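Novice: Quick check, what structure comes out for this input:
(one chain, ligands or ions: 1)
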Amino acid sequence: MLLSDKFGRPITDLRIAITDHCNYKCVYCRTGNEGAVYGDLPFAEYLRMVRVLAGLGIKKIRLTGGEPLLRRGVVDFVRELSQLRSADGEPLELALTTNGHLLAEMAQPLKDAGLRRVTISMDAVDRERFARITRVPNGYDNVLAGVRAAKRAGLKPVKVNCVLLRGFNEDQIIPFGKFAREEGVVLRFIEFMPLEEDRVWSPEVVVTLDEILQRMAEFRPLVEIPHEPSETARRYRFEDGLGEIGIIAPVSHPFCGHCSRVRITSDGKIRTCLFSVWDHDLHAQIQRGASDAQLEQFIRGVILKKEARHHIGEPDFVPASRTMVHIGG
Ligand code: SAM
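Specialist: Numbers count the residues shown, from 1 in each chain. So this is what the prediction gives:
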């Protein structure tokens, strides 16, 4: 039987962090003082986890981190993943989330190895602001080169994720709209969630879906595109058909009821929700010599514990046991 949780949600998407290291220190994500906290595993162990999960119904795999392109051997790992098949015998849909700093050189090799899609995180389309957010000088030009290389390599679609913070980069909404049209990328604004190391989140800092739409409409009218219920983003195109934007609004418009995701951290723990207060040690099972059948049984038990929803902004909200950089977005 394929994986589903106790609320009947089919679990089809896996996000796997392949390193806890990151070369950016984005102000809304990290303190800037701490480096990697958790270890990582040999690729063979991630591969086994993915193979078992694919047999249980996982169809999409997204590599993340930390910064996944920092991990040596990632191209070979993608090639090995591309050999695996889902429970219905299809190739897995392979995607990557990256800050794009190292992508210019790697986009074509990744595509050749079997990567289908890439999402690049950019929180400003202005060099100086980009450096202030990432706390790395000269990143913007590298990332822009990465975006263009990904397009040239035929990774489709190239998506750009932007997290907006009030008082920091909300004036980038219209520049991002122009960027999406000029560069031919699909833009995704993500509402800021309380998953940062520095605990700076407050509801006032979140730039909400409604505000983003209102601001973007001052630039050009938007038309909503129908989306699948399990899709995280509400999607819009500009009225003239050039450029797509989407808004991922977990704070103002939660979509937990359609969540199809499970995550594995770099050190091999399963997380059933970004906001989980505990994780489940899949790697320990491997170390104990578990067979594939035992791993399957363990995974099924874990998935039954998947949380109904997050409690962001509610009085009973308990911070997640790991922050975003140590989970993988
Ligand atoms: N290093 C890769 C990258 O930059 O995309 C992958 C890991 S990063 C943690 C994944 C995504 O999470 C990025 O798009 C980042 O902007 C987003 N992110 C980090 N902290 C967040 C938060 N508190 N709320 C919403 N998104 C966040």
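
Novice: So which bits of this protein are right by the ligand?
Specialist: 22, 28-29, 64-65, 67, 97-99, 121, 161, 163, 190, 192-193, 195-196, 324-325, 328-329 (CB under 6 Å from any ligand atom). Where you see a C-beta, it was placed from the backbone N, CA and C, and this is true even at glycine.

Novice: Distance check, the residue in the chain positioned nearest to the ligand against D292.
Specialist: Using CB to the nearest ligand atom, G329 is the residue of the chain that sits closest to the ligand, at 2.8 Å. The gap separating G329 from D292 is 29 Å, by CB to CB, to the nearest Å.

Novice: again with E204
Specialist: Between E204 and D292 the distance is 49 Å, computed by CB to CB.

Novice: Which one of these two is surrounded by more residues?
Specialist: Between E204 and D292, counting by other CB atoms under 10 Å, D292 is the more crowded of the two (11 against 8).

Novice: wait, what's in contact with A17?
Specialist: Residues touching A17, when contacts are defined by CB atoms under 8 Å, 6 or more residues apart in numbering, comprise T64, G65, G66, P68, R263, I264, T265, S266, H326, I327, G328.

Novice: Return the item of those having minimum pLDDT.
Specialist: Within the contacts of A17, pLDDT reaches its minimum at G328, with 87.

Novice: That residue falls within a helix, correct?
Specialist: No - assigned with DSSP: H, G, I helix; E, B strand; the rest coil, G328 falls outside any helix and is coil.

Novice: As a check, name the ranges of all helices in the stretch 51-200 of the chain.
Specialist: In the stretch 51-200 of the chain, the helices defined using DSSP state H, counting those that start in this stretch lie at 74-83, 103-113, 127-134, 139-153, 173-183.

Novice: of all those helices, which lies closest to V302?
Specialist: Proximity to V302 (CB to CB) singles out helix 74-83 among the helices of the stretch 51-200 of the chain, at 21.4 Å.

Novice: Contacts for the closest one next, please.
Specialist: Contacts to helix 74-83, defined as CB under 8 Å, 6+ apart, come from residues 18, 43, 46-47, 50, 61, 63, 68, 71, 91-92, 94, 96, 106, 109-110, 113-115.

Novice: Include mean neighbour count when you put the helices of the stretch 51-200 of the chain into CSV, please.
Specialist: CSV is the format used below for the helices of the stretch 51-200 of the chain (neighbours: other CB atoms under 10 Å):
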stretch, mean neighbour count
helix 74-83, 18
helix 103-113, 20
helix 127-134, 18
helix 139-153, 20
helix 173-183, 18
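
Novice: Verify the stated contact: L155 with K111.
Specialist: Yes - contact criterion CB atoms under 8 Å: L155 and K111 qualify, at 5.5 Å.

Novice: So the residue lying closest to A17 once chain neighbours are set aside versus R263, what's the distance?
Specialist: Using CB to CB, 6 or more residues apart in numbering and skipping the chain neighbours, the partner closest in space to A17 is G328 (3.4 Å). G328 sits at a distance of 6 Å from R263 (criterion: CB to CB).

Novice: Equivalent analysis for L94, please.
Specialist: Counting by CB to CB, the gap from L94 to R263 is 16 Å.

Novice: again with Y28
Specialist: In this view, Y28 and R263 are 20 Å apart by CB to CB.

Novice: cool, and R30?
Specialist: 18 Å.

Novice: Looking at these two, which is more packed in?
Specialist: Between R30 and R263, counted using other CB under 10 Å, the more crowded position is R263 (23 against 20).

Novice: Helix, strand or coil: sort out the more buried one for me.
Specialist: Assignment for R263 (three-state DSSP): strand.

Novice: That one: what's it in contact with?
Specialist: So R263 contacts L14, R15, I16, A17, I270, R271, T272, L274, I327, G328 (CB under 8 Å, 6+ apart).

Novice: Report the beta-bridge partner residues of the first one.
Specialist: Beta-bridge pairing of L14 under DSSP bridges involves I61, V262.

Novice: Burial check on it, number of neighbours?
Specialist: A count of nearby residues for L14, using other CB under 10 Å, gives 23.

Novice: Please name the nearest non-neighbouring residue to C256.
Specialist: Spatial nearest neighbour of C256, chain neighbours left out: R309 (3.7 Å); criterion: CB to CB, 6+ apart.

Novice: separation between the one you found and M216?
Specialist: Distance, R309 to M216, by CB to CB: 28 Å.

Novice: Those two: which is more packed in?
Specialist: Of the pair R309 and M216, M216 is the one with more neighbours under other CB under 10 Å, namely 21 against 14.

Novice: name the helices or strands packed onto the helix or strand hosting the more buried one?
Specialist: For M216, the enclosing helix or strand under DSSP states H and E is helix 209-219. Contact here means 3 or more CB pairs under 8 Å, 6 or more residues apart in numbering; DSSP states H and E; on that basis helix 209-219 packs against helix 173-183, strand 233-238, strand 244-248.

Novice: Contacts for that helix next, please.
Specialist: Contacts for helix 209-219 (CB under 8 Å, 6+ apart): 164, 170, 173-174, 177-178, 189, 191, 222, 234, 236, 245, 247, 249, 252-253.

Novice: And that helix, what's buried?
Specialist: For helix 209-219, burial by neighbour count (16 or more other CB atoms under 10 Å) applies to L209, E211, I212, L213, R215, M216.
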